[in-house]
Every structure is written in structure tokens, then in C-alpha cells.
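In: Sequence first, predicted coordinates after that:
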Amino acid sequence: MSTADITNNGVLPMNSIRKNKKAIILFTAPALLLYTLVVIYPIIQTFWRSFYKWDGLSTPKFINIRNYTRIFSDHDFYISLVNGLKFSLVLVVYQIGLGAFIAFTLFRLKAGKARFFRNSFFVPVVLSTTVVCQLWLSILNGHYGLLNQVFKVLGINYAQDWLSSSSTAIWVLAFVNAWQFMGYHMVLIYTAVKAIPEHFFEAAAIDGATSLQTHLRITFPLLAETFKICLIFAVTGGLKAFEQMAVMTGGGPGTSTFTLTYFMYRAAFRLNEYGYACTSATILVIECLIFTIIINRFVARERIVY
């Protein structure tokens, strides 16, 4: 590399760095090594352990694919799969849909007002999940909960114990999760909207584009990558949901609020069947990977249409 490749301020241009393969390897190798040790190796270990029967203390016993044949005949496993999809659906609609609406609304406000509302919506994100769950347990209580009291004041005969019904409990838990982390998606989308060059909107206004046309032809295409990331977070977050079940329902009533993560937790730490728990963990990893690939494949950056 010659001195001609160095810019006036002494910084190497990006093209020169990209051509230097040794520098690329030098900078990426530590991160790849750490990622392999922290992520890849545990996944491989989990997959390997799924072929064993092990209680955590005795010597593991190889049982081939018996754990897999057992899990695919387990009714609770299918309940967990369906509940994960229900969770993901609520998170996608609420976190991304409402988050995008709030982000676009704040974008039109003055900086001071936008900052206040943005921080307000982000507060639940930084709270402990346990604190949020305890808050909603009080709100949803069937006897003295705030929600039922509101129905009573309004004269609406709809009071119920929201977490004791197998038909409503999973949807309520999904809403609690979505409510807590909606602000995270809102901030991502809001930041992406603010990063769009202002002259794009000015050009659209000069051409006579309406607000709806501007969003459809400029804003949404430029936010495609942001929406992709939010969609991955929402879907995989729903599939691996755990804290709300652990704190608010304990998987109940019955097994109606089981997810794969809670199914795995029960197998490992309550039934001492670590091999069986590794089987559900392996399936969860594969499920999240499949959805991530699908989203990356079909939700792509679009070109701006003039």
C-alpha cells in the first residue's frame, strides 16, 4: 500500500481497506471467534445432547432419535408451537403496526414534543420484565383489578379473570409483552424516518404528491430494511417468549400458555429431563432460523417509485 492511498487527513479510504484481506481477517477474527464460542458451540452442544437421556447428574445415555419421536407425539409440544405463533402475531401487529403509526406521528411534531412522547413510550422498555408483569397482574386481577373496575364504572358487563381462562390467557400475555417492547420498535422506526434526507419529501411535495403517496413511494421503501429487522425481532421474540408465562401464569391454566421456551424450562428444571429439553431447544433454534431466512428472503429493500 502506497502513501497515495492515504487521504489528506491521514485516514485510509474504505476501498483500500476492503482490498486489504489481511486487515479484514485481523479485525473480524476476534469477533468470529467470540461468536463461535458464545453462540455456535452451545448450539452444537445442545443439538448433540438432544440425542441423550440425561438428568443432569448421572452419566448421559445415548438413545438415538427417541427424544424427537417422543416430542412429536407430545400434545403439549404442539400447544407450545401454536402459542408461539399467536405471540408472534400479536407482537407483529402491535409492536410494528402501532410503533410505526406513533413514529410517523412524532415525526410531524416539533422536536421538544416529539422527544417527550418518545421518551414516555420508551420507559416500559427499560423496566424489568418482572416489574411490568407484576403491574399487569394488578391491572388484570379478577377481583380488584383496574381493568374490571373500569368496565364496572362504565356499566359494561365484561368483567372477568383474564388470566384464568385458557382461551384468553395467551393473548393477554402476548399483549403484555407487546406493550412493554413497542417503544423499542417505535424508536427504531422513528430514527430511520428521521434519517431520510429532507429533500426527498421536498421533491415529492413539489411534484404534488399527497402525504399518502409520499409514504407509499418514498418512506416505506426506504424503511424496508428497518421493517425487516423489526419483523425478525417481533417474530423470534414471540417464538421464544418466556418471562410472562413464568411470572404471570406459570404456564397455566393447565398448559394453555406454554411456549417452546417454557416447555424447555419445565423439562429441564422441573422434570430433570435435560436431553428432552435440548430437543425442544434445537427445534426452537431451527424454527427461529427458518422464519429469519423467510423474512430476509421476502422482505427486501424496494426501489423508490417516481
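Out: Received, thanks. Numbering: from 1, shown residues only.

In: Which residue ranges of the stretch 101-250 of the chain form helices?
Out: In the stretch 101-250 of the chain, helices defined by DSSP state H, counting those that start in this stretch lie at 111-126, 129-140, 146-153, 169-194, 198-206, 211-214, 220-222, 224-239, 243-244, listed in chain order.

In: other SSEs contacting the last one?
Out: Packing contacts for helix 243-244, counted by 3 or more Cβ pairs under 8 Å, 6 or more residues apart in numbering; DSSP states H and E, involve helix 129-140, helix 169-194. (C-beta placed from N, C-alpha, C; glycine too.)

In: Next, the buried residues of stretch 211-229.
Out: Neighbour counts over stretch 211-229 (16 or more other Cβ atoms under 10 Å) mark 214-215, 217-219, 222-223, 226-228 as buried.

In: pLDDT below threshold where in the stretch 151-300 of the chain?
Out: 300 (pLDDT under 70).

In: I'd assumed residue 176 was in contact with residue 134.
Out: No: Residue 134 is not in contact with residue 176 according to Cβ atoms under 8 Å; the separation is 10.8 Å.

In: Have a look at the two and say which one is more surrounded.
Out: Neighbours per residue, other Cβ atoms under 10 Å: of residue 134 and residue 176, the larger number sits with residue 176, 26 against 13.

In: distance of the residue nearest to that one when sequence neighbours are not counted from residue 299?
Out: Distances taken as Cβ to Cβ, 6 or more residues apart in numbering place residue 136 nearest to residue 176, at 4.9 Å, with adjacent residues excluded. According to Cβ to Cβ, to the nearest Å, residue 136 and residue 299 sit 31 Å apart.

In: Looking only at neighbour counts, state which of those two leads.
Out: Neighbour totals were compared for residue 136 and residue 299, and residue 136 leads with 24 against 16 (other Cβ under 10 Å).

In: Who are the contact partners of that one?
Out: Listed by Cβ atoms under 8 Å, 6 or more residues apart in numbering, the contact set of residue 136 reads 176, 179, 248.

In: how near is it to residue 273?
Out: From residue 136 to residue 273 the distance is 31 Å (Cβ to Cβ).

In: Likewise for residue 189?
Out: In terms of Cβ to Cβ, residue 189 sits 42 Å off from residue 273.

In: which of these two has more neighbours?
Out: residue 189 (25 against 20).

In: what domains does the record give for the protein?
Out: As assigned by automatic domain parsing, the chain contains the domains 14-49, 73-298.

In: Present those domains as JSON lines; the columns should include distance to residue 58.
Out: Below are those laid out as JSON lines (distance: least, Cβ to Cβ, whole Å):
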{"stretch": "domain 14-49", "distance to residue 58": "14"}
{"stretch": "domain 73-298", "distance to residue 58": "10"}
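
In: deepest of these, which one?
Out: Of all these, domain 73-298 carries the top mean neighbour count, a mean of 17, counting by mean count of other Cβ atoms under 10 Å.

In: That one: end-to-end distance?
Out: Terminal residues of domain 73-298 lie 32 Å apart, using Cα to Cα, to the nearest Å.

In: swap in stretch 149-166?
Out: 22 Å.

In: Residue 171 versus residue 256, what's the distance?
Out: Counting by Cβ to Cβ, the gap from residue 256 to residue 171 is 11 Å.

In: Contacts for stretch 239-247 next, please.
Out: So stretch 239-247 is contacted by 84-85, 87-88, 129-130, 133-134, 137, 173-174, 176-177, 251, 257-262, 265, 284, 287-288, 291 (Cβ under 8 Å, 6+ apart).

In: again, only this time at 6 Å
Out: 84, 87-88, 129-130, 133, 173, 176-177, 251, 257, 259, 261-262, 287-288 (Cβ atoms under 6 Å, 6 or more residues apart in numbering).

In: that older thread, export the buried residues of stretch 211-229 to a markdown table and tack on distance to residue 97?
Out: Compiled in a markdown table, the buried residues of stretch 211-229 are given as follows (distance: Cβ to Cβ, whole Å):
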| residue | distance to residue 97 |
| --- | --- |
| 214 | 19 |
| 215 | 14 |
| 217 | 20 |
| 218 | 20 |
| 219 | 15 |
| 222 | 18 |
| 223 | 13 |
| 226 | 14 |
| 227 | 11 |
| 228 | 15 |
